[in-house]
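>>> got a predicted structure here, sequence first:
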Amino acid sequence: MREIQTGVFEGNRKLYTLNKIKGNPVYGEPFVNQNGKEFREWNPSRSKLAAAILKGMEGIKIDEKTTVLYLGAASGTTVSHVADICKWVFALEFSVETFSDLLLVAEKRKNIIPLLADATMPEEYFHRVKAVDFLYQDIAQKQQVEIFERNCRLFLKPGGLGFLCVKARSIDVSKHPKKIFGEVKEQLKNSFRVLDNRTMQPFQRDHAAFLVQRR
Amino acid sequence: MANFMFTSVLGVFVCNETGKIVKKRLFSDSEQIKYQPMLKENKWISPELEMIKGVELFLGFKTEKKEGIKFSQDVRKLDRIELDFEKLRLANTAISKQEISDDFSEDSVIMHAIRTYDETERVVNALVMRLRDFTKQYAPIETDKAETPEQILKLLRTPPNNLAVPIKGGHIKAFLEFSKCITELETQKETLEKHLELTMKRVAPNLLGVGGALISARLISLAGSLKNLAKMTYSKLQVLGAEKAMFRHVKKGSKTPKHGIIINHEIVASAKLKGRAARGLAEKLSHAARLDYFKGENMAEKLLADLIEKLK
Ligand SMILES: C[S@@+](CC[C@H](N)C(=O)[O-])C[C@H]1O[C@@H](n2cnc3c(N)ncnc32)[C@H](O)[C@@H]1O
């Protein structure tokens, strides 16, 4: 097991995070025990952050001091790994059905702060969060880039990092994904330094991830 | 220089420009819940108004301006305020739980009920298909004639006198025993349908009247909520449930799908010009959904009569 970046481990071509809550899987992921430590396998087909790291994205500087705002937390799959790595995670999800699962995950993992809210309405949760070091967004929405920019402006500390997952099909079904990704990059350049971007091939189809830094 | 005010789920804070808290009014657990709806809508709350004197800037949003107060959403300010994460976690968790239980609206009951109903129907059909394979062995002609699950079950209960293939009674009895669970599922399905109708009578009387319980409930379920259905254009409502066909249309340029699940409605099924009937019905259903969502009066009968008149 090799630590390839703070809190992220690799062994046998698989990614792992150090399980903060021993003995507790979140979504049925396997464990590996080594030197009295328990590692949770981190599946790149289920998590775009894992896919990005496996694909060699550089500069995702997050560690045990990082505070995170995570938009589109779903049932907490990726959130739980981010919570293994980081200090605090505000996890925001707007679907009531999915949110109940997230609440259960947050009940065990006490550095996850669950918020039932809509990422397109940051003024509705401005009073519930803090400024953060890392803003992660994975919501399949047409206006996903604008939503990301707005949330970063309100909640990402200057110099902080943003990670945006883009699903080409939710922006425009008829356009070629490559073209969409190019346009997204241009748009992001207006407000951020774009540090890295990758497609999620072969882990997720027609998805790309962008790592940006707030000026 | 200027002091600024910030309200969080934990309380109201007045800070100096370095972000140091100079005055605060913490919320009790019940106040956290109580103020949440107003804070979410960015309305002023009384503890803020009590502390506003001497404040020149409000960090955040408010829908109503206030004399002498400027607004800012500067992230540097937000960053400087020292709030305890553990307390934020507890408050946010409590608020989220409260909001979930508030959101437990009856249209979600309708959605769960119709999904359970449809799933039960699928299961019953699959099981009866299995039994059919069995009864076909000893009673092929009668099995082919059977059109309903009930008729197949009857072949187990009272097998025909002249079996095509002799079969030991014990075998038939074993399957008959099993088939009791199908009968039970059918009964429970009907009970669920009655409950669905009762709920819709309260929550969506217009939809119930125009579309019937099952079709209207499926529309709500496909839209995701009564609210979504009410906000939908009638042309979208018309193709709800035809998403697969719609996708083929966009991708491959096949014919535009004319109707989704509303094709099963009597009025459309019996019409000669199905497209016209489907559009007419979709218009009325859309009207009904809006009436129900905005708690308007029950006009189902009139809507239905108008439609029939129009389609004459
Ligand atoms: C692709 S899933 C996220 C998966 C998750 N990031 C993971 O890797 O475990 C997208 C989620 O975003 C949520 N979502 C979509 N639009 C949203 C919005 N406006 N506000 C909050 N959540 C949203 C959806 O309900 C869904 O759960």
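Structure received. Numbering: from 1, shown residues only, chains lettered A, B, ... in the order given.
>>> CA only for contacts and neighbour counts going forward, please
Noted.
>>> what's the local residue count around residue 121?
Because you didn't say which chain, this covers chain A. Residue A:121 has 13 neighbouring residues, counting by other C-alpha atoms under 10 Å in any protein chain shown.
>>> you answered for a different chain; I wanted chain B.
Neighbourhood size, residue B:121 [other C-alpha under 10 Å]: 15.
>>> how much space between it and residue B:186?
Note on residue B:121: its distance to residue B:186, by C-alpha to C-alpha, to the nearest Å, is 8 Å.
>>> got it, and residue A:35?
Counting by C-alpha to C-alpha, the gap between residue A:35 and residue B:186 amounts to 56 Å.
>>> more neighbours, these two?
Residue environment comparison for residue A:35 versus residue B:186 gives the larger neighbour count to residue B:186, 18 against 5, counting by other C-alpha under 10 Å.
>>> excluding chain neighbours, give the residue nearest to whichever residue of the stretch 1-150 of chain B sits closest to the ligand in space.
The stretch 1-150 of chain B approaches the ligand most closely through residue B:96 (13.4 Å), counting by C-alpha to the nearest ligand atom. Distance criterion C-alpha to C-alpha, 6 or more residues apart in numbering or on different chains; nearest residue to residue B:96, sequence neighbours excluded, is residue A:116 at 5.6 Å.
>>> who's in contact with residue 155?
This is for chain A. Taking C-alpha atoms under 8 Å, 6 or more residues apart in numbering or on different chains, we find residue A:155 in contact with A:130-132, A:135, B:75, B:78.
>>> you looked at the wrong chain, it should be chain B
Residues in contact with residue B:155 (C-alpha under 8 Å, 6+ apart) are B:135, B:139, B:142-143.
>>> what's the pLDDT at residue A:170?
The model reports residue A:170 with a pLDDT of 89.
>>> could you count how many residues lie near it?
13.
>>> so the most centrally placed residue in chain A, which of the three states?
Using C-alpha atoms, centre = their mean, the residue of chain A that lies closest to the mean C-alpha position is residue A:136, 4.4 Å off. Secondary structure of residue A:136, reduced to three states by DSSP: H, G, I helix; E, B strand; the rest coil: strand.
>>> quick check, it in contact with residue A:162.
Yes: in this structure, residue A:136 sits in contact with residue A:162. The criterion is C-alpha atoms under 8 Å, and the distance is 5.8 Å.
>>> near chain B, which residues of chain A?
Within chain A, the positions near chain B by C-alpha under 8 Å from any C-alpha of the partner chain are A:88, A:96, A:103, A:111-116, A:123-132, A:153-158.
>>> about what we covered before: which of the contacts of residue B:155 sit farthest apart?
For the contacts of residue B:155, the farthest-apart pair by C-alpha to C-alpha is B:135 and B:142; their separation is 8.7 Å.
>>> so which elements touch the helix or strand in which residue B:175 is found?
For residue B:175, the element it lies in under DSSP states H and E is helix B:169-203. The helices and strands touching helix B:169-203, judged by 3 or more C-alpha pairs under 8 Å, 6 or more residues apart in numbering or on different chains; DSSP states H and E, are helix B:106-138, helix B:149-157, helix B:205-211, helix B:213-223.
>>> between these, which one is nearest to residue B:281?
Ranking the helices and strands packed on helix B:169-203 by distance to residue B:281, with C-alpha to C-alpha as the measure, places helix B:205-211 first at 8.3 Å.
>>> contacts for the closest one?
Under the criterion C-alpha under 8 Å, 6+ apart, residues B:197, B:200-201, B:213, B:216, B:265, B:284-285, B:288-289, B:291-292, B:298-301, B:303-304 lie in contact with helix B:205-211.
>>> my guess is residue B:48 contacts residue B:14, does it?
No: when contacts are counted by C-alpha under 8 Å, residue B:48 is not listed as touching residue B:14 (9.5 Å).
>>> so the strand ranked longest in chain A, near the ligand or not?
Across chain A, the longest stretch assigned as strand under DSSP state E is strand A:156-167. No: on the criterion C-alpha under 6 Å from any ligand atom, strand A:156-167 is out of touch with the ligand, staying 8.5 Å away.
>>> residues of that strand that come out buried?
Applying a neighbour-count criterion of 16 or more other C-alpha atoms under 10 Å in any protein chain shown, one finds A:156-158, A:160-167 buried in strand A:156-167.
>>> which outside residues touch the helix or strand following that strand?
Next in sequence after strand A:156-167, counting helices and strands by DSSP H and E, comes helix A:168-171. Taking C-alpha under 8 Å, 6+ apart as the criterion, the residues outside helix A:168-171 that touch it are A:140-144, A:176-177, A:180-181, A:206-208.
>>> now, of those, which are buried?
By neighbour count, with 16+ other C-alpha under 10 Å, the contacts of helix A:168-171 hold A:144, A:177, A:180-181, A:206-208 as buried.
>>> what does stretch B:74-87 rub up against?
Defining contact as C-alpha under 8 Å, 6+ apart, one finds that stretch B:74-87 is touched by A:88, A:130-132, A:153-158, B:10, B:15, B:17-21, B:59.
>>> again, only using 6 Å
Identification of contacts with stretch B:74-87 by C-alpha atoms under 6 Å, 6 or more residues apart in numbering or on different chains yields A:131, A:154-155, B:19.
>>> wait, does the helix or strand residue B:229 falls within contact chain A?
Applying DSSP H and E as the criterion places residue B:229 in helix B:226-231. No: using C-alpha under 6 Å from any C-alpha of the partner chain as the criterion, no contacts between helix B:226-231 and chain A are found, and the smallest distance is 13.5 Å.
>>> now the helices and strands packed on helix B:169-203 in a markdown table, with mean pLDDT and distance to residue A:8?
Rendered in a markdown table, the data for the helices and strands packed on helix B:169-203 read as follows (pLDDT from 0 to 100; distance: least, C-alpha to C-alpha, whole Å):
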| stretch | mean pLDDT | distance to residue A:8 |
| --- | --- | --- |
| helix B:106-138 | 93 | 40 |
| helix B:149-157 | 91 | 57 |
| helix B:205-211 | 96 | 53 |
| helix B:213-223 | 96 | 40 |
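>>> just say which of those is most tucked in.
Using mean count of other C-alpha atoms under 10 Å in any protein chain shown, the stretch among those with the greatest mean number of neighbours is helix B:205-211 (a mean of 27).
>>> in chain A, which helix has the most residues?
The residue-count maximum for a helix in chain A (DSSP state H) belongs to helix A:177-191.
>>> average pLDDT for that one?
If you average the per-residue pLDDT over helix A:177-191, you get 96.
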